[in-house]
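Q: Please find the sequence and the predicted model below.
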Amino acid sequence: MKKVSRRDFIKGAVASGALVAAGGVLAACSNENNSTANQGNTPSVQWDMETDVLILGAGGAGMCAGYEATQAGAKAMILEKTNNWGGTSVRSGGIIQASGTAVQKELTEYQDDNGDKHADYYLQEGEGMLHEDLVRDMTNNSASHIEWLESLGLKFTNVTGSAHVPMADESLYADRIHGTDVGAAGVFGAVHDVAEQSGVEFVYETEATKLITENGKVVGVVAKQGDKEINVKANKGVIIATSSIDHNQEMCRALSPNQYYDNEHAVCVAAPSNTGDGIRMAAEVGAQLSHFGGVIDLTGKTSAGINRQTPLMPCFFVNKFGRRFMCEDTTYALTSRELWREMVKTNHACYTVCGPNERMDQATLDGMVEAGTAFKGATMAELAAQIDVDADNLQMTLDQWNRDITESGKDKQFDRATGLNPIEGPFYAFEEGFMNLGSIGGVLIDLDCEVLNGKGEAIEGLYAAGMASAGWLGSFYPGSGTALLGAIHWGRKAGKVVAAK
């Protein structure tokens with residue numbers, strides 16, 4: 001990876017809000033904590049526990065890291081602050097993006113897909129923000145991760161694809177989202193079992209609070225077990241696998257305005273334990289915070305852009321002014337990002353406008369009205385009054401939609417791909433909201449999962465994996481299965497790398 005100059009880091013940090021966090025939220029940790037974490041030497045530490053590879057967090061990335069470390073002959077221990085394994089991984093859909101797999105060839109038309117095409121597609125979705133070497137390493141190894149999971153007894157039974165995006169070349173697209181019949185519980189249950197059988201030591205209800213360094217090298221952590229504080233030694237290295245800052249509102253305020261908004265106005269279904277602990281600890285020893293700002297959001301009611309195989313119903317989104325402002329069936333996280341931007345920009349809710357359709361029939365829509373979650377009007381003027389938008393604009397928006405669809409079968413404004421049918425009354429509107437699946441952003445890593453400092457240099461003894469790591473995800477979530485691919489890839493790689501030290 002290209003080394004990052006201090007000047008480039010400062011420019012990037014200002015853009016992402018990282019310096020605000022470093023000077024505010026992260027500096028708000030006690031002076032005692034910071035001075036201890038950053039000492040050149042930490043003499044006479046009394047170690048209460050010891051291992052070779054110490055992993056923080058028992059989610060998907062952490063369990064994969066632990067398994068691979070033991071397979072390489074090292075002792076591995078996972079500290080988990082809750083009373084169980086799984087993290088957000090086990091709360092997910094359990095689907096994984098991969099390219100060039102046997103099951104992809106068996107179940108889809110994409111016979112010549114490969115990791116480089118997959119990487120190119122991700123890079124175009126990344127809007128110029130991603131580190132290409134990290135992305136290619138992940139996609140070029142994606143098929144091997146599917147094979148590994150199959151070796152654990154899992155069977156992938158379906159392969160779907162992400163909804164379209166305006167910035168990516170369609171020739172690079174393929175169906176890559178691999179799913180099983182057992183879901184996330186089955187997938188990560190298998191990972192947990194093989195990790196435990198291989199000798200990984202799971203230590204629950206133990207919260208790492210501070211990294212311990214000697215001469216600049218991370219050698220262990222301070223952790224809390226109830227009212228007791230213990231020191232845990234890592235002979236080979238510490239792997240941060242504590243996910244991102246999802247439920248830490250102070251860190252979100254500093255680093256991720258979108259996540260902050262979602263936590264205030266929506267529901268975040270990421271594991272409640274995702275409070276940025278590992279990222280905070282890494283920042284205290286100089287780690288570079290990177291790629292914050294994006295979130296994994298799903299439109300709560302329409303499920304717009306959920307995948308290529310699920311068309312959006314005939315509808316459109318309107319803003320404060322009663323006008324469309326985006327292509328509504330792009331991949332869901334991009335759709336959600338544009339909705340959030342419009343809501344913030346206008347300080348006004350955005351609404352889905354539709355008539356009765358196959359997805360939401362009149363009885364369903366009337367039920368929503370009765371429940372107070374939708375509005376109904378015989379005319380656009382009547383509907384506009386209820387949702388506080390300009391009636392003339394709302395009527396013109398409907399007229400243009402119906403005219404374009406009737407005359408050409410195309411959305412001439414935003415090039416929608418699905419749901420291209422006229423909309424007829426009675427008319428309904430409901431506020432579009434979000435279901436948040438977590439934030440994007442963490443500590444920047446290199447190809448060996450080493451955490452980099454502000455000069456782009458590796459912090460000795462410190463590694464990161466999964467959503468706590470950064471560089472391979474951009475300003476919006478590029479499609480289902482990407483987070484789990486990252487958890488498995490960077491988790492497995494980190495475990496192998498640290499064990500080999």
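A: Nice, thanks for sending it over. Residues are numbered from 1 along each chain as shown.

Q: by contact count, what packs against the lengthiest strand in the chain?
A: For the chain, the longest strand by residue count, based on DSSP state E, is strand 228-240. Secondary-structure packing of strand 228-240 (3 or more C-beta pairs under 8 Å, 6 or more residues apart in numbering; DSSP states H and E): strand 49-56, strand 207-214, strand 217-225, helix 277-284, strand 458-464, helix 482-499. (C-beta placed from N, C-alpha, C; glycine too.)

Q: now the longest one and strand 49-56, what's the angle there?
A: Yep, that's helix 482-499 we're talking about. Orientation of helix 482-499 against strand 49-56 (axes from the mean of the first three to the mean of the last three C-alpha atoms, to 10 degrees) gives an angle of 150 degrees.

Q: Please state the mean pLDDT value computed over whichever strand or helix holds Val135.
A: According to DSSP states H and E, Val135 maps onto helix 132-140. On average, the pLDDT along helix 132-140 is 98.

Q: next structured bit after it?
A: Trace forward from helix 132-140 with DSSP H and E and the next one is helix 142-151.

Q: Which neighbouring elements make contact with that next one?
A: Judged by 3+ C-beta pairs under 8 Å, 6+ apart, helix 142-151 is in contact with strand 96-97, helix 115-125, strand 156-160, helix 183-197, helix 482-499.

Q: again, only using 10 Å
A: Here helix 142-151 touches helix 60-71, strand 96-97, helix 102-107, helix 115-125, strand 156-160, strand 177-180, helix 183-197, helix 482-499, going by 3 or more C-beta pairs under 10 Å, 6 or more residues apart in numbering; DSSP states H and E.

Q: Helix 482-499 and that helix, what's the angle between them?
A: Going by the same axes, to 10 degrees, helix 142-151 makes 90 degrees with helix 482-499.

Q: can you list the domain ranges for the protein.
A: Domain ranges of the chain: 6-36+50-295+439-499, 301-432, per automatic domain parsing.

Q: Quick one: the ones you listed as JSON lines, columns for distance to Ser44 and mean neighbour count too.
A: Shown next, in JSON lines, are the domains of the chain (distance: least, C-beta to C-beta, whole Å; neighbours: other C-beta atoms under 10 Å):
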{"stretch": "domain 6-36+50-295+439-499", "distance to Ser44": "11", "mean neighbour count": "22"}
{"stretch": "domain 301-432", "distance to Ser44": "49", "mean neighbour count": "18"}
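
Q: hey, least reliable of these by pLDDT?
A: Here those differ in mean pLDDT, and the lowest is domain 6-36+50-295+439-499 at a mean of 92.

Q: and the gap between the closest residue to Lys501 other than its chain neighbours and Ala74?
A: Excluding the flanking residues, the one nearest Lys501 by C-beta to C-beta, 6 or more residues apart in numbering is Lys236, at 4.4 Å. Distance, Lys236 to Ala74, by C-beta to C-beta, to the nearest Å: 6 Å.

Q: Can you work out which residues contact both of these two?
A: Listed as contacting both Lys236 and Ala74 by C-beta atoms under 10 Å, 6 or more residues apart in numbering are Thr51, Asp52, Val53, Val498, Ala499, Ala500, Lys501.

Q: And those, which two are furthest apart?
A: Based on C-beta to C-beta, the longest span within those runs between Thr51 and Ala500 and measures 15.4 Å.

Q: Just the C-alphas of stretch 303-315, formatted as PDB.
A: Extracted C-alpha coordinates of stretch 303-315, given in PDB (Å, rounded to 0.1, in the frame of the first residue of the first chain):
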ATOM      1  CA  SER A 303     -37.000  -1.900   0.600                       C
ATOM      2  CA  ALA A 304     -35.900   0.000  -2.500                       C
ATOM      3  CA  GLY A 305     -33.000  -1.500  -4.300                       C
ATOM      4  CA  ILE A 306     -32.700  -4.600  -2.100                       C
ATOM      5  CA  ASN A 307     -31.300  -6.600  -5.000                       C
ATOM      6  CA  ARG A 308     -31.400  -7.000  -8.700                       C
ATOM      7  CA  GLN A 309     -34.100  -9.700  -8.500                       C
ATOM      8  CA  THR A 310     -36.600  -7.700  -6.500                       C
ATOM      9  CA  PRO A 311     -38.200  -4.900  -8.600                       C
ATOM     10  CA  LEU A 312     -39.400  -1.700  -6.900                       C
ATOM     11  CA  MET A 313     -43.100  -1.200  -7.000                       C
ATOM     12  CA  PRO A 314     -44.600   1.700  -9.100                       C
ATOM     13  CA  CYS A 315     -43.900   4.700  -6.900                       C
END
